[in-house]
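Undergrad: sequence plus predicted model, see below.
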Amino acid sequence: LAGTKMNKQILDYPLFALGFRAFFALAGLFALILITLWTSIFDSSLVTDNYYPSTYWHAHEMLLGYSIAVIAGFLLTAVKNWTGIQTLHGDKLAGMCLLWVYGRIVPFYSELLPDGLIALIDFSFLPALAYFVAKPIIQSGNLRNLFFIALILAMALGNALVHLEILGIKEQTANLGFDLIVGIIIMMILIIAGRIFPFFTERGLKGVMAIRNPMLDGVAIATSVLVFILLIFDINGMVLTIAALAAAIVNFIRVSGWYDSKIWFVPLLWVLYMGYGWIMIGFAFIALASLDMVPFSVALHAFTVGGIGVLTLGMMARVSLGHTGRAMKASNTIAIAFVLINIAALFRVLLPSLVPDWYSSFLLISTYSWLAAFALFVFIYTPILSTARIDGQAG
């Protein structure tokens, strides 16, 4: 009985009250661990046995480790708002967190565990997340948001393609899986941006009215989807160039309707717009890469380090404040973190493409900037995420 009571007390801890708390905390911590390990593996100062080849491990963990943790935290929180039904909390949320953690750890036990078991543990997280997100949506009749379930399952398909190659069942499917996952995450960001950017802008800037244009939203997302479809099917040349330029231009026009120059006085706003800006830069670099002017890896890191990295840090910071009853104002420390994450993208994406001979130095600056940004996030937000709401409400 004493053990049961102790377990109940642990699971009633505020960290497990709502999805954003536990998963944002895990994402912030893992962003530090992942890049620290990857830096040591990349320069050969650390040699480890791993289920994944080293470059695959880096890509997999950035996308299906860090990024999925942020997505899980966001959706498990947003679905409660959309449906009015309590999502995962307590022991079930802790169980999902453990499943995610196991997926990060077991690849390093490849000599002790069967490859199939390692793959199964990692793969099972996304289908489980799809189930727990779908359940309240279906119960509430909020069917317009079911497409998020389709996106989660499509990411699970991408993950399966990675594992099929590593297990030797299929050949050359991992990169296809990674391309599919990157495309889906960017699509999810663009869809969510259409819902929250105008709202956040109007809430953060008094007297500002963001222009909403559903038709433009649809065109922006459609052109972006087309680009990723072309990439997945390895269609290059002028077709990809035109599609990528169209995606960059239409998304720029879309954002222009929400934008107001006063956002630059509000860190919680400008960090989101900067993240969206990196996505547009990613499309522009795809157009250049299709003309053999820059490597495709430059565009990839514009989407990942820039788009995903900057936007997820900004979203975690804002969502955590709002759902813990705090004022929507970033501290000076977090504003510095927002600057640092953009410096990380600048030195990983733009400057290496302009001065390739300095790539190693730029990569080092980017790495340190990323680590500093997330170190500040973990330092400031761990107490916020792990303590009860200051307004006394549940969540």
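TA: Arrived safely. Numbers count the residues shown, from 1 in each chain.

Undergrad: can you give me the helices in the stretch 51-200 of the chain?
TA: All helices of the stretch 51-200 of the chain, identified by DSSP state H, counting those that start in this stretch, fall at 54-61, 68-83, 90-105, 115-123, 125-140, 147-166, 174-204.

Undergrad: quick one: buried residues of the fifth one?
TA: When you say that, I think you mean helix 125-140. 125-126, 128-130, 132-137 (16 or more other CB atoms under 10 Å). In short, each C-beta sits where N, CA and C put it, glycine included.

Undergrad: and of those, the nearest to G177?
TA: L126 (12.1 Å; CB to CB).

Undergrad: how far away is the closest one from I390?
TA: The gap separating L126 from I390 is 33 Å, by CB to CB, to the nearest Å.

Undergrad: quick one: neighbours of L376, just the number.
TA: A total of 21 residues lie near L376 under the criterion other CB atoms under 10 Å.

Undergrad: how much space between it and A327?
TA: L376 is 19 Å from A327, by CB to CB.

Undergrad: which residues of this structure score low on pLDDT?
TA: Residue ranges of the chain with pLDDT under 70: 1-11.

Undergrad: middle-most residue in it, spatially?
TA: Centroid-nearest residue in the chain, with CA atoms, centre = their mean: S67, separated by 3.3 Å.

Undergrad: redo the helices of the stretch 51-200 of the chain as CSV? Include distance to V271.
TA: Below are the helices of the stretch 51-200 of the chain laid out as CSV (distance: least, CB to CB, whole Å):
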stretch, distance to V271
helix 54-61, 23
helix 68-83, 14
helix 90-105, 25
helix 115-123, 30
helix 125-140, 26
helix 147-166, 23
helix 174-204, 11
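
Undergrad: looking at these, which is closest to F283?
TA: helix 174-204 (9.4 Å).

Undergrad: contacts for the next helix or strand after that closest one, please.
TA: For helix 174-204, the following helix or strand on the C-terminal side (DSSP states H and E) is helix 214-232. The contact list for helix 214-232, computed with CB atoms under 8 Å, 6 or more residues apart in numbering, reads 176, 179-180, 182-183, 186-187, 190-191, 194, 236, 239-240, 243-244, 246-247, 250-251, 253-254, 257, 283, 286.

Undergrad: the residue nearest to the centre of the chain contacts I308, correct?
TA: Yes: S67 lies in contact with I308 (CB atoms under 8 Å); the separation is 5.7 Å.

Undergrad: what sits in contact with each of those two?
TA: I185.

Undergrad: skipping adjacent residues, who's closest to G275 in space?
TA: L311 (3.2 Å; CB to CB, 6 or more residues apart in numbering).

Undergrad: who touches that neighbour in this structure?
TA: Contacts of L311 (CB under 8 Å, 6+ apart): 189, 271-272, 275-276, 278.

Undergrad: and which of the buried residues of helix 125-140 is nearest to L32?
TA: F125 (20.6 Å).

Undergrad: which ones are touching N342?
TA: 271, 274, 306, 310.

Undergrad: same check on G282?
TA: 186, 299-300, 302-303, 306-307.

Undergrad: go through those and flag which are in helices.
TA: 186, 299-300 (DSSP state H).

Undergrad: from the residues you listed, which is closest to E165?
TA: Using CB to CB, those come closest to E165 at L300, 18.4 Å.

Undergrad: which residue is the nearest non-sequential neighbour of that closest one?
TA: V182 (7.0 Å).

Undergrad: ok, now M188?
TA: Spatial nearest neighbour of M188, excluding adjacent residues (CB to CB, 6+ apart): L151 at 5.6 Å.

Undergrad: cheers, nothing more for now.
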